[in-house]
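Engineer: sequence unknown, structure follows:
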């Protein structure tokens, strides 16, 4: 979820409203304007956006940044996405990374319905209807990558501030696995709380901040990340192989002590 109005021009008052529903007492609204379609969940923040003539293209800066997890694991076989939303990662990964097994988890049946009906998540793509915590409690086989974009109102849910959540994430990852987390911290104290919780189960952490957004993307690993030059080389390979530009990301990452 992006906290501010997105630069591509999505806002609650623009365009044509295509759909409105309710999930956990909050409205889900879908709007479309000038070839873009986006989703709000009870607030002005853009939860997901798709360009109708290029649906596989990730548009929000933080979603592109989260795909930077691919820089830390060159040939992932299995990926877990906690929080389907509008299916941004699913559309991109299914289109550009054939052979990658993607497991999607979403707690809201209404969001799953909207993603399939309005955001081109195909019926053939399996989505597990469960909470992230509930799924992780039952997860068996290891994943190479785990992406997490969960939200609760205007920020991230309280579960993301506790070490037990990250214990379950770490357990479901392979030894070389990478965890990418989108955060909307409500101040420095909450951010430090999250970092302390993640550190309990991951040895290495890198963060990426955005000039015009409240979002912070955190990458967590249990092996040393490659040096900047290696990440830049991998970014060039990924651009050629799957068409995503991550070249500026290595220089913007800040490794936490």
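Structural biologist: Received it, and whenever you're ready, just let me know what you need. Computed from a prediction, not measured in an experiment: that's the story for all the values here.
Engineer: buried residues in the longest strand along the chain?
Structural biologist: As far as residue count goes, and with DSSP state E defining each element, the longest strand of the chain is strand 173-183. For strand 173-183, burial by neighbour count (16 or more other C-beta atoms under 10 Å) applies to 173-174, 177-183. Where you see a C-beta, it was placed from the backbone N, CA and C, and this is true even at glycine.
Engineer: How far away from the center of its chain is that strand?
Structural biologist: Mean-position distance between strand 173-183 and its chain equals 11 Å (C-alpha atoms, centre = their mean, to the nearest Å).
Engineer: what's the average pLDDT for it?
Structural biologist: Averaged across strand 173-183, the pLDDT comes to 96.
Engineer: the helices in the stretch 51-200 of the chain, which residues?
Structural biologist: 61-66, 88-96, 109-118, 132-138, 163-172, 188-199 (DSSP state H, counting those that start in this stretch).
Engineer: which stretches of the stretch 1-150 of the chain aren't confidently modelled?
Structural biologist: 1-12 (pLDDT under 70).
Engineer: Mind doing that once more with 90?
Structural biologist: Counting by pLDDT under 90, the stretch 1-150 of the chain shows low-confidence ranges at 1-15, 22-27, 40-47, 74-75, 98, 122-124, 140-141.
Engineer: And the strands in it?
Structural biologist: Across the stretch 1-150 of the chain, reading from the start of the chain, the strands by DSSP state E, counting those that start in this stretch fall at 16-23, 26-33, 36-41, 48-51, 78-82, 101-106, 127-129, 143-148.
Engineer: which secondary structure elements does the fifth one contact?
Structural biologist: Packing partners of strand 78-82 (3 or more C-beta pairs under 8 Å, 6 or more residues apart in numbering; DSSP states H and E): helix 88-96, strand 101-106, helix 132-138, strand 143-148.
Engineer: Name every strand pairing with it and say which way it goes.
Structural biologist: Taking DSSP bridges as the criterion, strand 78-82 pairs within the sheet with strand 101-106 (parallel), strand 143-148 (parallel).
Engineer: Contacts for the last one, please.
Structural biologist: Going back to what we said before, that points to strand 143-148. By C-beta atoms under 8 Å, 6 or more residues apart in numbering, the residues outside strand 143-148 that reach it are 66, 69-70, 73, 76-83, 89, 103, 132, 160, 169, 172-174, 176-182.
Engineer: repeat for the first one
Structural biologist: Residues outside strand 101-106 that contact it (C-beta under 8 Å, 6+ apart) are 77-85, 87, 89-90, 93-94, 112, 115, 125-132, 135, 143.
Engineer: Pull out the buried members of these.
Structural biologist: Burial by neighbour count, judged by 16+ other C-beta under 10 Å, picks out 78-85, 87, 89-90, 93-94, 112, 115, 125, 127-128, 131-132, 135, 143 from those.
Engineer: quick one on the thing from earlier: packed most tightly, which of the strands paired with strand 78-82 would that be?
Structural biologist: Highest mean neighbour count of the strands paired with strand 78-82: strand 143-148, a mean of 24 (counted as mean count of other C-beta atoms under 10 Å).
Engineer: Cool, thanks, talk later.
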